[in-house]
Structure formats: C-alpha cells, structure tokens
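Peer 1: A predicted structure for the sequence below; I have some questions about it.
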Amino acid sequence: MDRRSLIKKAGIAGVLTSGIAPAVHAQAAVRWRLASSFPRSLDTIFGSAEMLSKTIKAMSGGKFEITVHPAGELMPAFGVVDALQGDTIEMAQSAAYYFTGKDPVFAFSCAVPFGLTARQNTSWKDYGGGRKLLDDFFAKYNFRTASAGNTGTQMGGWYRKEIKTVEDLKGLKMRMGGGVFGEAMQRLGVVPQNMPAGDVYQALEKGTLDAAEFVGPYDDAKLGFNKVAPYYYYPGWWEGGADLEFFINVKKFNALSDENKAILNAAMAVAATDMTAKYDAYNPIALKKLVAEKTQLKAFPKAVMDAGFKSSMEVFADHEAKSPEFKAIHQSMRAFQRDQILWNRFSEYPFNQYMNGVKI
C-alpha cells in the first residue's frame with residue numbers, strides 16, 4: 001500500500017501514531033539568528049526584521065523561527081558581513097554601502113549618487129539583471145541578498161550652518177553612509193565620517209560633527225537631529241532610493257528545505273513592502289512636525305547639486321578604470337536608468353508636476 005492510500009484510509013490520527021506523518025510535521029525545527037546594523041528604536045528599519053520574524057513563524061506554524069538582534073547585541077553594527085563570511089550567523093539586515101571599505105561594488109546594492117529610485121531599484125534588481133550581478137559578487141562573502149525595504153528618496157541631511165555655495169562644504173565633518181558618495185564629497189572638501197546612527201546625536205551636540213545624513217523626517221526626528229542642527233536640506237542626491245537588505249548566509253540557505261526557502265522568500269517580500277509603505281505614510285507627517293518646531297527646511301543650491309554630480313561621475317570613472325566588476329555593474333545600472341528616465345518623462349513626471357501645482 002502506498003503512503004497516500006494509507007493516509008486516506010487511516011486518517012490523520014492513524015498516520016501520526018503509525019510514525020509516517022506528512023513531511024511538514026516530520027521536518028526538524030529551524031532556528032536562525034539575524035543581526036541588524038540598526039537600533040531597535042528605528043521601528044521602520046528594524047521593524048522590517050521584526051516583521052520578517054513574525055511572518056516566518058506564522059507561515060511555518062512555529063517550525064521555522066528567526067530571532068532578531070539590534071546593533072550591538074550580537075556584534076557591532078558594521079560586523080555583520082564578517083560574521084556571515086565566518087558562518088557565525090544565518091542572516092543580517094544592513095545597508096550594503098556601509099561595507100565599501102571592503103569593495104566599492106557593495107554600494108550598488110543599496111544606493112549610489114544620482115542613482116535609481118525605489119521602484120527603479122527593485123525593477124533593475126529583479127528584471128534588469130542587477131540582483132544576479134550583485135549576488136555573484138557577494139558569493140565571495142558567503143551571502144546572497146533580498147530587499148528588506150526601500151526608504152525612497154532621502155533627505156540631504158542636517159547641518160549646523162547654511163550651505164549656500166560649494167565653498168561652504170570645505171572642511172565640513174559629516175556623517176554619511178559611505179561608499180562612492182563619501183569619495184565624491186571628499187572631492188568637494190567634506191571630511192566623511194562613517195558611524196552608526198545611534199552615535200550621531202552626541203557627535204553633533206559636541207561639535208565633533210558639523211553635519212549628518214541618515215534617512216528622512218520620521219527616523220531623523222526619532223534620533224533627535226533637529227535638536228542639535230537647525231538646517232535640514234533636500235534632496236539626498238546620493239540616495240534616490242536606498243535599498244536596505246537582508247543578507248542571507250548561502251550555506252544556511254542552501255541547507256533549508258524547499259518549503260522553508262519559499263517561506264523565507266515570501267516573508268522577506270512582506271517585510272520589504274511593509275517598510276517602504278511605513279516610510280511613505282510617516283515621513284510627510286514627521287516633516288510637518290519638524291517644520292512646526294522651527295526646523296529650517298532648505299533646498300540644495302543648484303551649484304552644489306551640479307558639483308556633486310560632476311564629482312560623483314569622476315569617482316565612477318576612476319573605479320571603472322580599476323575594476324571590471326565595478327564597471328559591469330555600474331554600466332548595467334546606468335543603461336537601465338536611461339530607459340527609466342525616458343519612460344518617466346511620459347508617465348510619473350508630468351503627472352506629479354501637474355499634481356504639485358493644483359489644490360486638492
């Protein structure tokens with residue numbers, strides 16, 4: 001008698017007592033740990049990891065669980081890639097451009113200056129070959145990636161003084177995510193500082209930092225930057241759509257059953273959508289509150305934007321000359337971006353331009 005016939009005749013109770021339970025019940029429990037590069041207080045970003053954990057537990061009936069740990073609990077915020085490479089943890093949640101000290105290619109997995117918007121980023125990775133190019137690169141670090149959510153276009157950061165000209169950037173000590181953006185800003189005279197979000201307030205308060213960029217109004221208000229730096233600039237031209245990511249240990253992923261792989265992939269998609277939706281919902285409310293509390297909201301002068309664009313393109317060219325891998329990924333992204341800009345001219349740009357000019 002085959003297994004299916006036995007189940008049909010004996011019923012589930014008989015199957016369980018006979019020791020030939022269905023595969024879903026026979027699977028061993030899976031327990032993973034995820035280390036985040038972000039503090040628990042950031043309920044948008046860290047909340048994405050918590051949503052992942054909650055969804056996986058519900059979908060698996062508790063057979064697959066991932067415990068999530070904020071920055072500093074298992075390891076320092078920027079220690080997660082080394083931990084994955086050394087098989088210390090199963091997953092991480094981070095921003096890839098934090099690790100451009102290892103290789104500038106890391107930046108493309110999160111955001112680069114004058115790069116892709118949130119939707120373009122997802123589309124390039126999923127349907128433009130970007131994810132495969134990046135995961136082929138990340139294989140040497142023993143992880144693969146999936147989006148943990150996109151912030152959308154970020155703000156240009158908090159400054160203790162006004163930025164009226166490019167000259168005002170010279171000597172400015174600024175906290176930034178790092179990577180290609182940091183190199184571009186260095187060419188404009190900025191002194192880049194890469195530090196965890198939780199350390200920035202005190203550095204601004206003490207004056208060891210002159211400026212800091214993080215994400216946008218909702219997170220920035222939680223971190224209190226408006227209390228120690230009065231000028232809030234926009235747009236964050238270095239992060240048109242920053243993709244936060246889950247880094248998954250390749251060996252651990254390959255060891256999962258097909259069912260658990262599907263559960264993990266589905267749960268990551270749920271978490272990513274949830275994070276982006278939260279930012280779109282919460283940022284406008286937070287911005288209005290910041291302005292009401294006397295934050296001075298200012299646009300970067302066009303001359304500053306133009307200087308940033310020029311210096312960024314020079315940095316890209318330098319890295320392309322040194323790294324075929326960097327060049328291949330950069331050229332893939334820009335080719336995709338050109339088509340997106342063309343389409344945008346006839347779709348969202350004229351629609352948004354009109355809607356911005358009417359009263360609703």
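Peer 2: Here it is on my side, so go on.

Peer 1: so where is the stretch 1-150 of the chain shaky, pLDDT-wise?
Peer 2: 1-26 (pLDDT under 70).

Peer 1: which residues touch the closest residue to Leu188 other than its chain neighbours?
Peer 2: Excluding its sequence neighbours, the residue lying closest to Leu188 (Cβ to Cβ, 6 or more residues apart in numbering) is Leu169, at 4.8 Å. From N, CA and C alone the C-beta is placed, and that goes for glycine too. Counting by Cβ atoms under 8 Å, 6 or more residues apart in numbering, Leu169 touches Ile163, Met185, Leu188, Gly189, Val190, Val304.

Peer 1: tell me the one of the residues you listed nearest Met174?
Peer 2: Comparing these against Met174 with Cβ to Cβ places Val190 closest, at 5.3 Å.

Peer 1: do you know the pLDDT at the closest one?
Peer 2: If you check Val190, the pLDDT there is 97.

Peer 1: and it, how many residues sit next to it?
Peer 2: 21 (other Cβ atoms under 10 Å).

Peer 1: and for Asp126?
Peer 2: 12.

Peer 1: and Thr165, what is it in contact with?
Peer 2: Pro301, Ala303, Val304.

Peer 1: ok, it to Glu50 distance?
Peer 2: Separation of Thr165 from Glu50 (Cβ to Cβ, to the nearest Å): 43 Å.

Peer 1: got it, and Lys278?
Peer 2: 12 Å.

Peer 1: list residues touching both of these two?
Peer 2: Common neighbours of Lys278 and Glu50 (Cβ under 8 Å, 6+ apart) do not exist.

Peer 1: okay but Glu205 is in contact with Phe225, surely?
Peer 2: No. With contact defined as Cβ atoms under 8 Å, Glu205 does not count as touching Phe225 (9.9 Å).

Peer 1: looking at these two, which one has more neighbours?
Peer 2: Using other Cβ under 10 Å, the more surrounded residue of Glu205 and Phe225 is Phe225, with 26 against 14.

Peer 1: skipping adjacent residues, who's closest to that one in space?
Peer 2: Distance criterion Cβ to Cβ, 6+ apart; nearest residue to Phe225, sequence neighbours excluded, is Trp158 at 4.4 Å.

Peer 1: and for Val80?
Peer 2: Using Cβ to Cβ, 6+ apart, the closest residue to Val80 is Ala92 (3.6 Å).

Peer 1: any idea which element Met185 lies in?
Peer 2: Taking DSSP states H and E as the criterion, Met185 maps to helix 180-187.

Peer 1: which secondary structure elements does that helix contact?
Peer 2: strand 191-193, helix 302-322 (3 or more Cβ pairs under 8 Å, 6 or more residues apart in numbering; DSSP states H and E).

Peer 1: what distance do you get for Gln202 to Gly79?
Peer 2: 21 Å.

Peer 1: should've said Ala281
Peer 2: Counting by Cβ to Cβ, the gap from Ala281 to Gly79 is 32 Å.

Peer 1: comparing the two, which residue is more hemmed in?
Peer 2: Taking neighbours as other Cβ under 10 Å, Ala281 and Gly79 compare with Gly79 leading, 18 against 11.

Peer 1: can you tell me how far that one is from Gln85?
Peer 2: Gly79 is 11 Å from Gln85, by Cβ to Cβ.
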